[in-house]
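Asks: Sequence and predicted structure below; questions after.
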Amino acid sequence: MAAYQTQISGADAPVAVDTLTSSAEPCPSTAHTGQTAGVFELFERAQLTTDLEVVEQLLLERAASRSELITSASTHTVRSGGKRLRAALALLAARLGTYHLPSVIHAAAAVELIQAASLVHDDLVDQAARRRGRVTVHARWDNDVALMVGDFFFALASREMALSPDPRIITYYAQAVQTIVEGELSPVTMIEPTETALGQYYYKTGAKTASLFEAACKAGMAAGGGDEAQIAALGRYGFDLGMAFQIIDDILDFTSDEATLGKPAGNDLRQGTITLPLIYAVARTGNPRLGALIEQGTPTDLQVHAAIAEVTAAGGIDAALAEARRFISEAVAHLAAFPPSPAHRALVEMAHFVIDREA
Ligand code: FPP
Ligand code: MG
């Protein structure tokens, strides 16, 4: 840590981490699933682990506030941080160019802080009880705290962007946040006609998820000194990777369980959210009952299980998986703009991880 503190020029003096109020809950991080081992091995192979730990340390330091309440709630969120895929993308993108950790660390931290802000607010809007195996901020504290902590993370992200050496990084993230908010308020309103449903689904998915993957890649590439063509190519990789990531997320909502996901499964059907497996299932069967279930509002557990079985039998899961694979092929194709290197290989592996992941 000491070495890192002296490396980061322009960062404010870090707050001692041992002064942070620790959460009463044990810190499971990704303990709700053993499957993420795959991505951590990938990070290890890419010699990314140490740098990601530095990012993690920075996030914990930034989570400390003069308000004990904000420190507790933001530390609670950072400690349940997930896989840090977006930070890893920023670091790997920088490694395609000229890698210097102090030049890219703020871009890597910023994207995780934006992600934290959006998830705390998303859980508040969805009134979700659990995220990554932990109780959500609004459930553990209250709605006001969740609103403020999301804003706090967003302010922290802005500060990290301001510390980034290349001003384009602020533009990429500002654009992504604007797009995320627009996407979040653009529901998929109909299952049929299929073309309309797909158009709405792809717009929303691109906006709420893929745009931040794209921004992380562009920010990392800019921090690594990439030119405009390289930044654009890697942004397209990130966008397609993010599309596949969200499609797999939507598939897992049908095929997985709460113990593996760290959040309830079947939630999309319960909340009337139309996602790709359902759109394809209805397109293939023309089964109006599936659409009616979504429209009726509050289906029972029995109805949800029956709908999951019907969507699976109709080939909705397989069709969505094929679509995710198509996005991954396109993502990998964008990497052809870069010569072979360990970072290039890690980005290809990351694409395969996104498809194979179970949580
Ligand atoms: C998760 O989607 C939610 C998002 C990817 C974005 C949420 C964005 C906002 C609430 C807008 C505020 C944004 C910022 C940057 C402060 P999901 O609900 O489909 O997934 P889940 O099942 O994991 O909740
Ligand atoms: Mg949600």
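Replies: Sure, I can see it. Ligands and ions are numbered 1, 2, ... in the order given.
Asks: And whichever helix in the chain runs longest, what's buried?
Replies: Taking DSSP state H as the criterion, the chain has its longest helix at helix 228-255. Buried positions in helix 228-255, judged by neighbour count with 16 or more other CB atoms under 10 Å: 230-231, 233-255. Yep, even glycine has a C-beta here, placed from its N, CA and C like the rest.
Asks: so how far is that helix off the chain centroid?
Replies: Put simply, helix 228-255 sits 10 Å off its chain's centre (CA atoms, centre = their mean, to the nearest Å).
Asks: could you give the mean pLDDT of whichever helix or strand comes after that helix?
Replies: Next along the chain after helix 228-255, taking DSSP states H and E as the criterion, comes helix 258-261. Helix 258-261 shows a mean pLDDT of 86.
Asks: Show me what helix 258-261 is packed up against.
Replies: Using 3 or more CB pairs under 8 Å, 6 or more residues apart in numbering; DSSP states H and E as the contact test, no helix or strand touches helix 258-261.
Asks: Give me the contacts around the next helix or strand along the chain from that helix.
Replies: Downstream of helix 258-261, the first helix or strand assigned by DSSP H and E is helix 267-270. If you take CB atoms under 8 Å, 6 or more residues apart in numbering as the criterion, helix 267-270 is touched by 126, 128, 250, 253-254, 264, 273-275, 278, 293-294, 298-299, 304, 307-308.
Asks: so which of the residues you listed also contact ligand 2?
Replies: Here is what survives when the contacts of helix 267-270 are matched to ligand 2 using CB under 5 Å from the ion: residue 126.
Asks: Return the subset of the contacts of helix 267-270 lying in helices.
Replies: Those of the contacts of helix 267-270 lying in helices (DSSP H): 126, 250, 253-254, 278, 293-294, 304, 307-308.
Asks: okay, now the closest residue to ligand 2 within the stretch 251-359 of the chain: neighbour count?
Replies: Ranking the residues of the stretch 251-359 of the chain by distance to ligand 2 (CB to the ion) places residue 267 first, at 7.5 Å. As a burial measure, residue 267 scores 15 neighbours (other CB atoms under 10 Å).
Asks: Give me the next element, helix or strand, following the lowest-mean-pLDDT helix or strand in the chain.
Replies: Across the helices and strands of the chain, mean confidence by mean pLDDT, DSSP states H and E is lowest for helix 2-7: a mean of 31. Heading C-terminal from helix 2-7, the first helix or strand you meet, by DSSP H and E, is helix 37-45.
Asks: ok, and for that following helix, which residues are buried?
Replies: In helix 37-45, counting by 16+ other CB under 10 Å, buried: 39, 42-43.
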